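1. here is my input; please provide its structure:
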Amino acid sequence: MPYDRLMAPHPSLPADLWERTPREVQDYIVALEARVAALEATVQELIERVQQDSRTSSRPPSSDPPQPQRLRCQPSGRRPGGPPGHPGQTRTWVPVADVDVVIPLKPDACARCQQPLLGNDVNPQRHQVIEIPSIRPVVTDYQAHQLVCPLCGDVTRAAWPDGVTGRAYGPRVQATAALCTGAYRLSKRTTQQLLDDFFGVPMSLGTIRTLEAATAQAVAAPVEETRAYVQQQACVSVDETGWRQGNQRAWLWMAVTTWVTVSLVRLSRGGKVTLERLGKQFQGIVVTDRFSAYHGYPVRWRQLCWAHLLRDIEAMIGRGGRSQEIGEALRSHARQRFHWWHGLRDGTLKRSSFRS
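-> All right, here's what the predicted structure looks like:
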């Protein structure tokens with residue numbers, strides 16, 4: 001311990017008493033104070049970690065502890081539903097031109113005097129019923145005949161038509177199977193059951209894997225086009241999350257723009273995957289969280305995600321003290337900035353004013 005620190009007056013003891021305290025005791029007191037400060041910091045960190053939820057951290061809302069039941073409001077006496085004059089929300093009618101079947105219903109006679117009724121109602125009451133038709137797979141049996149030439153004796157077999165491959169399933173079945181296991185995240189066994197139950201298409205688990213690979217090959221060119229499109233945008237939001245690739249731990253990397261989203265599954269979580277998504281020549285703004293893989297981008301071209309920033313501000317407010325004061329000031333500034341941004345988006349504020 002430095003000599004000037006030991007000889008300096010202790011803040012909680014009289015100066016003369018501290019000076020009369022033996023050097024060993026001073027050293028012990030200072031060491032205890034340092035240890036207490038370290039333990040208090042550790043306790044504070046553990047308390048904040050325990051109290052974290054989806055509002056103050058990146059945890060999903062499903063991990064939040066049960067909330068106390070809210071007190072029920074006193075009944076107002078008003079009837080359920082929207083107030084008088086409130087525009088109702090009803091299902092949109094399908095245009096008559098797009099309807100498959102129109103069934104006009106006309107009364108034959110007057111309900112009061114039984115007089116026969118003729119004519120048409122200019123504005124009949126409508127009621128539409130939407131139903132899914134029963135699906136029965138269309139099975140096409142191609143029979144390639146092999147015939148012998150009566151002149152030379154050569155044997156010729158008919159060729160398969162264009163578009164007919166050696167696979168036993170058509171492109172719609174292939175796309176449906178890949179959509180279920182890919183976009184809808186269904187297991188291969190669940191996909192197998194769905195194809196059989198809904199469409200009457202029997203399929204083995206190995207065939208589903210084969211169709212997945214064929215679909216990936218079919219969409220390879222459009223995927224490259226979307227990746228090139230993303231690399232030319234002025235602003236791209238990127239993120240990654242855990243993923244299972246077979247029996248291996250992998251990560252799903254996302255690059256999101258206004259119109260196009262590109263996904264990559266890689267076994268690495270390093271910064272090289274970020275360069276793979278956006279390219280080394282990318283000159284736009286990258287919206288990220290604080291993950292170290294994104295530190296390779298210059299600060300001037302990197303925007304921290306506002307959702308993460310707002311959660312960090314709420315965590316600061318929850319610490320109390322000076323941290324709470326700073327957090328509340330930051331939250332006030334953030335709300336003002338979003339208010340201006342909404343004005344810019346709605347056209348009530350000019351971009352030059354927003355920048356100022």
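2. quick one, domains of the protein?
-> 3-44, 167-218, 226-301, 308-355 (automatic domain parsing).
3. contacts only, for Ala334.
-> Applying CB atoms under 8 Å, 6 or more residues apart in numbering to Ala334 gives the contacts Trp306, Leu309, Leu310, Ile313. Yep, even glycine has a C-beta here, placed from its N, CA and C like the rest.
4. hang on, the third one in a helix?
-> Yes. Leu310 forms part of a helix when assessed by DSSP: H, G, I helix; E, B strand; the rest coil.
5. quick one: it from Arg337, how far?
-> 11 Å (CB to CB, to the nearest Å).
6. name the residue in those two with the higher neighbour count.
-> When Leu310 and Arg337 are compared for neighbours, Leu310 comes out ahead with 17 against 12, by other CB atoms under 10 Å.
7. what segments of this structure are strands?
-> 146-148, 155-157, 235-245, 248-256, 261-266, 285-288, 302-304 (DSSP state E).
8. I'd like the ones you listed laid out as TSV, including mean pLDDT, distance to Val30 and mean neighbour count.
-> Formatted as TSV, the strands of the chain follow (pLDDT from 0 to 100; distance: least, CB to CB, whole Å; neighbours: other CB atoms under 10 Å):
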stretch	mean pLDDT	distance to Val30	mean neighbour count
strand 146-148	94	100	9
strand 155-157	94	97	9
strand 235-245	88	46	15
strand 248-256	89	47	16
strand 261-266	88	51	16
strand 285-288	92	43	18
strand 302-304	91	39	14
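9. among the ones you listed, which is nearest Ile132?
-> strand 261-266 (29.2 Å; CB to CB).
10. this protein: helices as residue ranges?
-> 3-7, 15-20, 23-51, 171-181, 188-199, 205-218, 220-231, 271-278, 306-319, 321-346, 351-355 (DSSP state H).
11. circling back to that earlier point, who wins for proximity to Gln51 among the strands of the chain?
-> Nearest of those (CB to CB): strand 302-304, 22.9 Å.
12. what is the closest one packed up against?
-> Of the remaining helices and strands, those touching strand 302-304 by 3 or more CB pairs under 8 Å, 6 or more residues apart in numbering; DSSP states H and E are strand 285-288.
13. list the contacts of the strand it packs on.
-> So strand 285-288 is contacted by 234-239, 278, 294, 297, 301-305 (CB under 8 Å, 6+ apart).
14. so what strands line up beside that strand?
-> With DSSP bridges as the test, strand 285-288 is paired with strand 235-245 (parallel), strand 302-304 (parallel).
15. what would the contacts of strand 285-288 look like in a markdown table with distance to Thr257?
-> Output for the contacts of strand 285-288, formatted as a markdown table (distance: CB to CB, whole Å):
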| residue | distance to Thr257 |
| --- | --- |
| Ala234 | 9 |
| Cys235 | 7 |
| Val236 | 6 |
| Ser237 | 8 |
| Val238 | 10 |
| Asp239 | 13 |
| Leu278 | 11 |
| Tyr294 | 17 |
| Tyr297 | 16 |
| Trp301 | 16 |
| Arg302 | 16 |
| Gln303 | 14 |
| Leu304 | 18 |
| Cys305 | 15 |
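16. let me know the closest of the residues you listed to Pro124.
-> Using CB to CB, the contacts of strand 285-288 come closest to Pro124 at Ser237, 50.3 Å.
17. surely the closest one touches Val260?
-> No. At 11.7 Å, Ser237 and Val260 do not qualify as touching, with contact defined as CB atoms under 8 Å.
18. ok, and the closest non-adjacent residue to the residue nearest the centre of the chain?
-> Among the residues of the chain, Met254 comes closest to the average C-alpha position under CA atoms, centre = their mean, at 9.6 Å. Spatial nearest neighbour of Met254, chain neighbours left out: Asp239 (5.2 Å); criterion: CB to CB, 6 or more residues apart in numbering.
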